[in-house]
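>>> Next one to model:
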Amino acid sequence: MIGRLGIGRLGRSLRRFWRDEDGNATIEFAITFPAIITILLSGLELGFVTLQHSMLERAMDLTVRDIRLGTGTAPQHDDIKAMICGRVGFISDCSSSLRLEMIQVDPRAWSGISADPDCTDKSEDVSPVRNFENGQENDLMILRACAKIDPVFPTTGLGKNMVKDASGQYALTSTTVFVQEPR
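Below is the predicted model of the structure:
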């Protein structure tokens, strides 16, 4: 008799517990909150990436415009890098994280350029400038800049899933083509 009475009470208590709706909001919050925060942080990360890439593109465009319109001057690597870094704005430590390539291309015998940009890597030893040639009059030139950026949220969402180097930075590249104006 005591066994039946105890089982009956246990059954009623379980049914009452099963029908009770207290705490539903807490469960929904616990399930959806991590997903919403991940989406929010990914959106912020994407916003910063877009802003930095737009500023790099704009700095490249303004610098190349100055190179094209420059009368009688042929800026060298360090001058071009300083011009870009002076205009880029939102890339921290631009002078050490930006790497430039300038390649003269024959438009009649196009061979293309390598798909992999030449970027810096803080986890490796410093390497010298690669492929930087100043063009002559009417030469077709390709200028490519690669900046290494630290993710804002490196352990969450987009920041976690970006392709990064050994030091945890991702690459932003900008490529432009121009013709060296006659002097």
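>>> now the helices: where do they sit in the protein?
2-19, 24-69, 77-88, 94-97, 157-161 (DSSP state H).
>>> Make a markdown table from these and add mean neighbour count to it.
For glycine as for every other residue, the C-beta is placed from the backbone atoms N, C-alpha and C. As requested, the helices of the chain are exported to a markdown table (neighbours: other Cβ atoms under 10 Å):
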| stretch | mean neighbour count |
| --- | --- |
| helix 2-19 | 9 |
| helix 24-69 | 14 |
| helix 77-88 | 18 |
| helix 94-97 | 16 |
| helix 157-161 | 17 |
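>>> Out of the ones you listed, which gets the lowest mean score?
Lowest mean pLDDT within these: helix 2-19, a mean of 76.
>>> Residues contacting it, please?
Helix 2-19 is contacted by no other residue when judged by Cβ atoms under 8 Å, 6 or more residues apart in numbering.
>>> Just the CA trace of it, in CSV.
Presented in CSV, the C-alpha positions along helix 2-19 are these (Å, rounded to 0.1, in the frame of the first residue of the first chain):
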residue,chain,number,x,y,z
ILE,A,2,2.8,2.4,0.8
GLY,A,3,4.4,1.5,-2.6
ARG,A,4,1.2,2.3,-4.5
LEU,A,5,0.7,5.5,-2.6
GLY,A,6,4.3,6.6,-3.3
ILE,A,7,4.1,5.7,-7.0
GLY,A,8,0.7,7.6,-7.3
ARG,A,9,2.2,10.7,-5.8
LEU,A,10,5.3,10.4,-7.9
GLY,A,11,3.1,10.1,-11.0
ARG,A,12,1.0,13.1,-10.1
SER,A,13,4.1,15.1,-9.4
LEU,A,14,5.7,14.2,-12.7
ARG,A,15,2.4,15.1,-14.6
ARG,A,16,2.3,18.4,-12.8
PHE,A,17,5.9,19.1,-13.6
TRP,A,18,5.4,18.1,-17.2
ARG,A,19,2.4,20.6,-17.6
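>>> what's the spacing between it and its chain's center?
Helix 2-19 sits 59 Å away from the centroid of its parent chain (Cα atoms, centre = their mean, to the nearest Å).
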